[in-house]
Every structure is written in structure tokens, then in C-alpha cells.
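Undergrad: Here is a sequence with its predicted model. Questions after.
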Amino acid sequence: MGRLLRDEGGFSVTVAASILLLVLSLFYVSYQSIEIPAFCKEVEKQSLTVLEEDVVNLVSNLKELVGDNTPKAVHLHLGDVYPSVPFFSTPNGFSGSVYTYPARVKINNVNITSVTSREQANPYNTLEITGSNIIISPKYNFLNAPDIVIEYGVVAVGKGSNYMPLYGKLIDNSTIFIPLFNGNLSVGGVISYELTLYPKSAGGSGVYITNESSSNITIELDSRLPLDFWRKVVPEWVSVTEDNGTVKLSLPKGRTYRLIMGVASLNEWSGRLPPDYLYRVSPVSQSSPCGLVVQVRDVLNNPVPLSNVTFSVLSGSVTLKTVDDRGNLVSSSSLTVKSNEMGFASVTAESSGLGLVKANLTDRSALQPYEVVFIVS
């Protein structure tokens, strides 16, 4: 009676049960320590693919906003929750962070003309604008995920000094497309993030630029991305150098480039870039009666709505006419009108002889007003 129970082969049932329990325990520990991390890592890989697609969609929306001048909503899947595995333990989930850092673009030695008339559009030979770039940093538990960086419409993936292009071109043939963000973000430890982009400088068709002097056009970019990355995303005929965090692109002279720039605000609607200059849309010399049309533009050559433009008669017997907000016809030798959504401001001019009319942008960002003159005969 005191003997251990044995099966027909004389093997102890208790020993067999102990061995089976040991095997199951080893299997459980092995699966928990090897297979579950591998499973979770695969979930993170899939999440990273989705996040990269989200970032590409974000930049695509940024470029669309610069063109169509309308807000865009995007969603970033920064993390996820691990699916449950019966009888095994998985972490709660993983997340990511989004934050901004300063951006600056300076384009030197340019002569700027309109894409429609090829007349001078912008009176300056240097363009400079500041804004923000974005870095998205996944915080995964098992995968050593790279950062995703958005600089000037180009998406980079990597860490440290090793980044590879994911999407976007700064220069495509002879078109230069440089979008920026405006505002600050600092979001961490979230699984998803909704972001709305608002147009701050957008809606223009770009301008043509050529070298102003015998020197090359240069584009300076404040960048955290390494020099070899920029050499991968611009054509071979562009010279790329770097000095203390500023990447310098030198464009061959004697060529005409189309430059498109714009800014999207990351915060709630914060208004437009201030008006900078007037572009004469209607011909400089016309016969009476005629429409005098200008477009209010910002420093990036995009239209600015709701800006005050004053048309005034400098000489001659000229009468200016417009319709006010109540639909009444107003006539005077000096009229102030607001630019519409596309930055256009206009009056009708009637003259019995030769006259001069000035369009004056008084609420520009610079200290002095900006003026253009029309001839009416």
C-alpha cells in the first residue's frame, strides 16, 4: 500500500505528471519570452508602415494646401494596442511623439517674374522666411523604430547621421517646391493625433526665378538632416554644401526655374502672412472705361485676402468707381477697396483724357507703402 502507484510498465504516474508539467512550463516561458516579443515586434512593424503612410499623406496634403488654399485634416497613427493572446501576457501598447523645431529658407540672387506675363513680380532679389519642421519619434517596446522627419516638404527616415529619403523632392526638373509649417507642436505619449493644417501663405501659382547677377542662385536651408541626405534628394547638377547646420544648394546660372513656396499653420487659424507687395494684373496703359486690377501678395508671392488697397488719381480728369458692401455704386478720385479671397482688388476708371492712377498698398509689413501706377486715356 505504501508503494508509489505505477502503470503497467512500472513508471510512476506522479513522475510523468511532473515531467509533463515541466515541459509545459518550459514551453510557456519560452513562448512568453521569445514568441510574444516577436509577435509584438511584428505589430509594431505594421504600425510603423501605417505611420509612414500617414506622414506621406500629411506632406501630400501640405502641398495640396499650398496650391488650393484650403485647410486639410490629417491623422497620425503614432502607436497601437497589442492584440491579446490567450493565456499569455502582452504589454498594454505603444505610442509616439510629435514636435517641431525651427526652419529657415533664404534664396539669394534671384530675379522674380510672373508665370503668366513674365513681367517682374517681386521687387526683391532675396527671399527669406522662417517656420517649423516636424519630427515624429515612435516609442516602441520591441522595435528600434527610426524617427520620421519632415523638412521643406521632404520626408526622411532614420536616426543620428543616417537618414534615407521616404517621400518628396525639393527640386524636380526645373520646379522648386518649398512648403513650410508655421507654429509649434509638442505632443508625447499618445497613440493617435489629429492635425489640421490652415493656409497661412498659399493659393499662388508660383513665380519664375533667374539669377540676378553673374553668380548662381543659392538656397539656404537650416536643417538637422545630414549633408549626404540632401545630396540624395536633389538633382546631380545642384551643388550641395553644408556649414554649421545650414545646407546650401547652388543652382546653375543661365536657367529659368519655377519657384513655388507656401506656409501651413499647425495651430488654430492664425491669419495670413502680411501683405508685402502689389502685382499689376491689368495692363499698365488702357483706354477709358477700363478696369484697374492688382493682386496683393505676401513675401512668398501668394495672394493675401482682405488687404486695403487705395486707388487714387495722380493727374488728369479720371473718375474711379466701385460697388460698396451694400451694393451701392461709389465714385471718387480716391477709393479704398479690400482684396478678395484670391488677393485681387479693382476699380473701374473713366477718363476724358490722359490720366495717371496710383494703387497704394498701405497696410504692408514694411515701413513704406507699396505703389504701382496705371495710365488711363
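TA: Everything's here; your move.
Undergrad: low-confidence ranges in the chain?
TA: For the chain, the stretches with pLDDT under 70 are 1-11, 16, 24-32, 116-123, 365-369.
Undergrad: Without its sequence neighbours, what residue ends up closest to residue 214?
TA: residue 253 (7.0 Å; Cβ to Cβ, 6 or more residues apart in numbering). C-betas here are computed from N, CA, C, even on glycine.
Undergrad: Secondary structure element holding that neighbour?
TA: Assigned by DSSP states H and E, residue 253 falls within no helix or strand.
Undergrad: Distance check, it against residue 218.
TA: Distance, residue 253 to residue 218, using Cβ to Cβ, to the nearest Å: 11 Å.
Undergrad: More neighbours: the two, which one.
TA: Neighbour count, other Cβ atoms under 10 Å: between residue 253 and residue 218, residue 218 has more, with 18 against 14.
Undergrad: quick one: contacts for that one?
TA: With contact set as Cβ atoms under 8 Å, 6 or more residues apart in numbering, residue 218 has these partners: 107, 108, 109, 248, 249, 250, 251.
Undergrad: among these, which are in helices?
TA: Using DSSP state H, no member of the contacts of residue 218 falls in helices.
Undergrad: Mind giving me the ChimeraX select for these, buried ones only?
TA: Of these, the buried ones go into a single ChimeraX selection, burial set by 16 or more other Cβ atoms under 10 Å:
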select :107,108,109,248,249,250,251
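Undergrad: I'd like the next helix or strand past the biggest helix by length in the chain.
TA: Taking DSSP H as the criterion, the chain has its longest helix at helix 36-68. From helix 36-68 onward toward the C-terminus, using DSSP H and E, the following helix or strand is strand 72-77.
Undergrad: which element is residue 224 on?
TA: When elements are assigned from DSSP H and E, residue 224 belongs to no helix and no strand.
Undergrad: same deal with the one 5 residues further on?
TA: Under the assignment given by DSSP H and E, the secondary-structure element containing residue 229 is helix 227-233.
Undergrad: Ok, residue 136 next?
TA: Assigned by DSSP H and E, residue 136 belongs to strand 126-139.
Undergrad: just checking, what packs against that strand?
TA: Using 3 or more Cβ pairs under 8 Å, 6 or more residues apart in numbering; DSSP states H and E, the elements in contact with strand 126-139 are helix 36-68, strand 95-108, strand 110-114, strand 147-151, strand 175-182, strand 257-265.
Undergrad: For residue 314, find the nearest of the ones you listed.
TA: Ranking these by proximity to residue 314 (Cβ to Cβ) places strand 110-114 first, at 24.3 Å.
Undergrad: I'd say the residue nearest to residue 214 and residue 216 touch.
TA: Yes. Assessed by Cβ atoms under 8 Å, residue 253 is found in contact with residue 216 at 5.0 Å.
Undergrad: ok, now which ones touch the residue nearest to residue 277 when sequence neighbours are not counted?
TA: Excluding the flanking residues, the one nearest residue 277 by Cβ to Cβ, 6+ apart is residue 370, at 4.9 Å. When contacts are counted by Cβ under 8 Å, 6+ apart, residue 370 touches 276, 277, 278, 360, 361, 364.
Undergrad: And residue 201, by the same measure?
TA: The contact partners of residue 201, by Cβ under 8 Å, 6+ apart, come to 66, 261, 262, 263, 272, 273, 298, 299, 300, 302.
Undergrad: Within the sheet, what are the partner strands of the helix or strand hosting residue 313, with directions?
TA: Following DSSP H and E, the helix or strand that holds residue 313 is strand 308-315. Taking DSSP bridges as the criterion, strand 308-315 forms sheet pairs with strand 334-338 (antiparallel), strand 355-361 (antiparallel).
Undergrad: C-terminal to the last one, what's the next element?
TA: Scanning forward in sequence from strand 355-361, with DSSP H and E defining helices and strands, the next element found is strand 370-376.
Undergrad: quick one on the thing from earlier: so which of the strands paired with strand 308-315 gets nearest residue 60?
TA: Residue 60 lies closest to strand 334-338 among these, at 32.7 Å (Cβ to Cβ).
Undergrad: What residues of the closest one count as buried?
TA: Judged by neighbour count (16+ other Cβ under 10 Å), strand 334-338 contains these buried residues: 335, 337.
Undergrad: would TSV of the strands paired with strand 308-315 with distance to residue 113 be doable?
TA: Below are these laid out as TSV (distance: least, Cβ to Cβ, whole Å):
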stretch	distance to residue 113
strand 334-338	26
strand 355-361	19
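Undergrad: Minimum distance to residue 161: which of those strands has it?
TA: Proximity to residue 161 (Cβ to Cβ) singles out strand 355-361 among these, at 46.2 Å.
Undergrad: Kindly calculate the angle that the closest one makes with strand 370-376.
TA: Orientation check (axes from the mean of the first three to the mean of the last three Cα atoms, to 10 degrees): strand 355-361 against strand 370-376 gives 160 degrees.
Undergrad: quick one: contacts for residue 323?
TA: For residue 323, the contacting residues are 329, 330, by Cβ under 8 Å, 6+ apart.
Undergrad: How about residue 128?
TA: By Cβ under 8 Å, 6+ apart, the neighbours of residue 128 are 104, 105, 106, 107, 299.
Undergrad: Equivalent analysis for residue 324, please.
TA: residue 330.
Undergrad: Residue 176 now?
TA: Each residue near residue 176 by Cβ under 8 Å, 6+ apart is listed here: 170, 209, 219, 257, 258, 259, 260.
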